[in-house]
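Engineer: Output the structure for:
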Amino acid sequence: MTPSTTKDRLLRLAALAFWLLVWQGASVSVGQEILLVSPARVMREAARLCVTEDFWLCVGGSFGRIACGFFLAQALGVLLAALACASRAVEILLSPLVTVIKSTPVASFTVLALIWIRSAHLSVLISALMAFPIVYRNLCEGIRAADGELLEMASVFRVKGLWVLYIYLPAAAPYFLSAASLSAGLCWKAGIAAEVIGLPARSIGGALYEAKLYFDTPVLFAWTLVIVLISVVFERVLLALAAALRRRVEGR
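Structural biologist: Residues are numbered from 1 along each chain as shown. Down below sits the predicted model:
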């Protein structure tokens, strides 16, 4: 570990400690846990939740649905971006759809989707829809960033099929990594919001709604902390896997 890396981590820990102190100070100033609970109480509630069976059932249910939505968005984004870059007509055809998906609020999509699908599948659809435009547009830029000279050389030597991917993949990889990072957090935000509205069984969104219903602010904050932690870990793991795949593609 280099000195600069150690310094950076220490600064990050100091920043985290600063905001925890601000939170603690605000909680003490308010003096009512129903309005703003202290960090220590949130930690205790989170620890209490972690040892219950319902906690893991809710986490597992939400994680499975939102992860499915995330990977569905990646697959659709890659496929449609490739088709759009291969055909201008496809790009024009998809443009209004992508714009509508990107601009429509999560709540609107969620309420509309409840008319057509079961609440158990709602967070899969919503998280996929919210992440798709990011993946699609980033991948379009990445594919178009491929080296033109290499593509021309491939055309001259009649290189076709999967071999052409070795030209596009190194160019598109950074854009894909950026899309994965941005869309991972968005999937969790959108997916949990959809669960709060749809209230599927064994879900974090359902637990949040129940805590709000009973004005159980410590539990509400504890579940929010859990969502943040899961989202961060999910994003870091995905980025590590994507970076490893990129190194393998580039032959490092």
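
Engineer: shaky segments in the stretch 51-200 of the chain?
Structural biologist: Within the stretch 51-200 of the chain, the segments meeting pLDDT under 70 span 146-168.

Engineer: which residue is nearest the centroid of the protein?
Structural biologist: Centroid check for the chain by Cα atoms, centre = their mean gives Ala184 as the closest residue, at 1.6 Å.

Engineer: Pull the residues that contact stretch 218-233.
Structural biologist: For stretch 218-233, the surrounding residues in contact (Cβ atoms under 8 Å, 6 or more residues apart in numbering) are 33, 37, 41-46, 48-49, 59, 63, 184-185, 188-189, 192, 204, 207-208, 211-212. The way it works is simple: take the backbone N, C-alpha and C, and place the C-beta from them, glycine included.

Engineer: of those, buried ones?
Structural biologist: 37, 42, 45-46, 49, 59, 63, 184, 188, 192, 204, 207-208, 211 (16 or more other Cβ atoms under 10 Å).

Engineer: Need the max-distance pair from these.
Structural biologist: Greatest spacing in the buried ones among the contacts of stretch 218-233, by Cβ to Cβ: Val37 and Ala184 (27.4 Å).

Engineer: Would you mind confirming that Ala113 is in contact with Leu125?
Structural biologist: Yes: with contacts counted by Cβ atoms under 8 Å, Ala113 reaches Leu125, the gap being 5.5 Å.

Engineer: overlap in contacts of these two?
Structural biologist: Residues within reach of Ala113 and of Leu125 at once, by Cβ under 8 Å, 6+ apart, are Ala194.

Engineer: what's the distance between Val124 and Trp23?
Structural biologist: According to Cβ to Cβ, to the nearest Å, Val124 stands 33 Å off from Trp23.

Engineer: Show me which of these two is the more surrounded one.
Structural biologist: The neighbour comparison of Val124 against Trp23 (other Cβ atoms under 10 Å) goes to Val124, with 22 against 16.

Engineer: Dump stretch 20-30 to CSV, restricted to CA.
Structural biologist: C-alpha atoms of stretch 20-30 as CSV (Å, rounded to 0.1, in the frame of the first residue of the first chain):
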residue,chain,number,x,y,z
LEU,A,20,-21.3,11.0,11.8
LEU,A,21,-20.5,13.8,14.4
VAL,A,22,-22.7,16.2,12.5
TRP,A,23,-25.5,13.6,12.5
GLN,A,24,-25.0,13.0,16.2
GLY,A,25,-25.1,16.7,16.9
ALA,A,26,-28.2,17.2,14.9
SER,A,27,-29.9,14.3,16.7
VAL,A,28,-29.0,15.7,20.1
SER,A,29,-30.2,19.2,19.1
VAL,A,30,-33.6,17.8,17.9
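
Engineer: buried stuff in that stretch?
Structural biologist: Trp23, Ser27.

Engineer: Return the subset of the contacts of stretch 218-233 lying in helices.
Structural biologist: Judged by DSSP state H, helices contain the following of the contacts of stretch 218-233: 41-46, 48-49, 59, 63, 184-185, 188-189, 192, 204, 207-208, 211-212.

Engineer: What's the separation between the nearest residue to Cys187 once chain neighbours are set aside and His121?
Structural biologist: With sequence-adjacent residues excluded and distances taken as Cβ to Cβ, 6 or more residues apart in numbering, Cys187 is closest to Ser127, at 4.0 Å. Noted for Ser127: a distance of 11 Å to His121, by Cβ to Cβ.

Engineer: same check, this time on Val22
Structural biologist: In terms of Cβ to Cβ, Val22 sits 40 Å off from His121.

Engineer: possible to save the buried ones among the contacts of stretch 218-233 as CSV with distance to Pro133?
Structural biologist: Formatted as CSV, the buried ones among the contacts of stretch 218-233 follow (distance: Cβ to Cβ, whole Å):
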residue, distance to Pro133
Val37, 36
Val42, 34
Glu45, 36
Ala46, 33
Leu49, 34
Val59, 27
Phe63, 23
Ala184, 14
Trp188, 17
Ile192, 19
Ile204, 24
Ala207, 29
Leu208, 26
Ala211, 31
